[in-house]
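S.K.: Sequence first, then the predicted structure:
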Amino acid sequence: MTTQNRPATWVEGAAGSLFDVDNLPYGVFSRADDDEPRVGVRIGDLVLDLAPVAAADMMEVAHLFEEPGLDGFLGAGRQTWSAVRSWVVELLTDEHERGLAEPALVPLDEVRLHRPFTVGDYVDFYCSLDHASNVGRIFRPDAEPLLPNWRHLPVGYHGRGGTVVPSGTDVRRPKGQRKAPEADAPTFGPSARLDIEAELGFVVGTASRLGTPVAVDAFADHVFGVVGLNDWSARDIQAWEYVPLGPFLGKSFATSISAWVTPLEALETARVDLPGQDPEPLDYLRVGAGAGYDIDVEVEINGTVVARPPYRTMYWSPAQMLAHLTVNGASVRPGDLFASGTISGAERDQRGSLLELSWGGREPWSLDGQERTFLEDGDEVVLRLTAPGALGRIGLGEVRGTILPAG
Ligand code: CA
């Protein structure tokens, strides 16, 4: 579909908004007066309740939208994703369909949004050259910022799928062991260096077979779409525990994702070339043109934008992440989630973590005239992601969370 011949939507207020018919993200909602969560598509400031419309249209997949999550739809595969998207576009642009679809539109402020799918295995990568370099400089100021493997493979670790929560879920400050560099022994207590990581998450739809790697060019056959993601991180717990096996309790207490899952099809117009890879990666990681995505991120704390990390600067592409994640034969299943790692650009105001904004806590930064390093109780963090769509900019939903005091 092109911009020129795409008919406009009849939905009031949607045309020209961040949620026009070139976007159409999926989510799971319930009405305030009836607590049965089911699948919806966002258009403007409304949710299209898919189940009754699909049933009336005798869609074969109608039952998938009555489920309390996207799990069944994710597993239905790329042809179904594409066919349903075309059907929804038709519903929302053809005046003849208006009588059918309009009664199924529910105002967003009358619904509750839920976790959009059951999260399976969760992997977090480390794909930003600027972020990895900044972290190297902060922790190893006298050494080469990048470790020797970094330019050869997308570095990652397995996180905790069961603690991935939807936008709007409060996050309790974690407690744990932490040890100051000069202290003789660790102490136990609330994290004093609670942080954010602004990331993009990729949602697997189609399973792969155990023992069979997913090639870089099969990425869009397996991945359904993307979510905004905040990888909450307790830096003091992380610093003491991470050697030699990597992040553990400093990360696993909570990971927030947007309530809306934006299909890859909506991001076709946002595809850009990677900034460049040197040295050229091994064969199984080689990608062509358009492997990256031009997505802008805003990090807002208590209503003030503190950083604007640019996703287009990421060194490793999502197709490379998936190819690497499966190259040993490990399989993926519907609902598996993998994330990009902190998105940071080259400029100071493009850093996607407070670790970098405060340079390891050594350089306080100003939030509305107040000196800050890490998060304080009561802070509300919102990530907002947008990208160029076929009709203008599209919104990827927001990732919102408020810090509660340690219990
Ligand atoms: Ca991370």
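M.R.: That came through, no problem. Note that the coordinates shown come from a computational prediction; the quantities given were computed from them, not determined experimentally. Residues are numbered from 1 along each chain as shown.
S.K.: Next secondary structure after the helix or strand bottoming out on mean pLDDT in the chain?
M.R.: Across the helices and strands of the chain, mean pLDDT, DSSP states H and E gives its lowest value to strand 34-43, namely a mean of 92. Under the assignment DSSP states H and E, the closest C-terminal helix or strand after strand 34-43 is strand 46-49.
S.K.: coming back round to it: does anything pack onto the least confident helix or strand of the chain? Which helices or strands?
M.R.: strand 26-31, strand 46-49, helix 50-56 (3 or more CB pairs under 8 Å, 6 or more residues apart in numbering; DSSP states H and E). For every residue, glycine as well, the C-beta is placed using N, CA and C.
S.K.: what does the first one rub up against?
M.R.: I take that to be strand 26-31. Contacts to strand 26-31, defined as CB atoms under 8 Å, 6 or more residues apart in numbering, come from residues 36-42, 47, 49, 68-70, 73, 106, 110-117, 225, 259-261, 263, 397.
S.K.: among the helices and strands packed on strand 34-43, which is nearest the ion?
M.R.: For these, proximity to the ion was assessed by CB to the ion; strand 26-31 is nearest, at 23.5 Å.
S.K.: quick one: pLDDT of Asp33?
M.R.: As predicted, Asp33 sits at a pLDDT of 66.
S.K.: And the nearest residue to Phe139 once chain neighbours are set aside, its phi and psi?
M.R.: Counting by CB to CB, 6 or more residues apart in numbering, Phe139 lies nearest to Gly360, which is 7.3 Å off, once chain neighbours are set aside. The phi/psi pair for Gly360 (degrees, to the nearest 10) reads phi 80, psi 20.
S.K.: Now for Gly360, how many residues are close by?
M.R.: By other CB atoms under 10 Å, the residues close to Gly360 number 17.
S.K.: next one: Gly276
M.R.: Using other CB under 10 Å, the number of residues around Gly276 comes to 7.
S.K.: Return the distance of the least confident helix or strand of the chain from the chain's centre.
M.R.: Here strand 34-43 is found 20 Å from its chain centre; the criterion is CA atoms, centre = their mean, to the nearest Å.
S.K.: Within its sheet, name the partner strands of it and how each one runs.
M.R.: Pairing partners of strand 34-43, with direction, according to DSSP bridges: strand 26-31 (antiparallel), strand 46-49 (antiparallel).
S.K.: Switch those over to a markdown table; also include mean neighbour count and distance to Phe125.
M.R.: Output for these, formatted as a markdown table (neighbours: other CB atoms under 10 Å; distance: least, CB to CB, whole Å):
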| stretch | mean neighbour count | distance to Phe125 |
| --- | --- | --- |
| strand 26-31 | 22 | 24 |
| strand 46-49 | 23 | 31 |
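S.K.: Rebuild those as CSV, extending it with distance to the ion.
M.R.: What follows is the strands paired with strand 34-43, written out as CSV (distance: least, CB to the ion, whole Å):
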stretch, distance to the ion
strand 26-31, 23
strand 46-49, 30
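S.K.: near the ion, which residues of the chain?
M.R.: When proximity is defined as CB under 5 Å from the ion, the chain approaches the ion at 124, 197, 231.
S.K.: Distance-wise, check the nearest residue to Arg348 once chain neighbours are set aside relative to Glu60.
M.R.: Spatially, and ignoring its direct neighbours in sequence, Arg348 is nearest to Leu357 (7.6 Å; CB to CB, 6+ apart). Using CB to CB, to the nearest Å, Leu357 is found at 50 Å from Glu60.
S.K.: Between those two, point out the one with more neighbours.
M.R.: Comparing Leu357 with Glu60 by other CB under 10 Å, the one with more neighbours is Leu357, at 24 against 10.
S.K.: Model confidence at that one, what's the number?
M.R.: 98.
S.K.: Could you pull out the helices in the stretch 101-250 of the chain for me?
M.R.: Listed in chain order, the helices of the stretch 101-250 of the chain (DSSP state H, counting those that start in this stretch) span 129-139, 219-222, 235-241.
S.K.: and the helix or strand encompassing Val89, what other elements does it pack with?
M.R.: For Val89, the host element (DSSP H and E) is helix 78-93. Packing partners of helix 78-93 (3+ CB pairs under 8 Å, 6+ apart): strand 46-49, helix 71-75, helix 98-101.
S.K.: For the last one, give me every contacting residue.
M.R.: The reference is to helix 98-101. For helix 98-101, contacts defined as CB under 8 Å, 6+ apart pick out 10, 48, 53, 56-57, 91-92.
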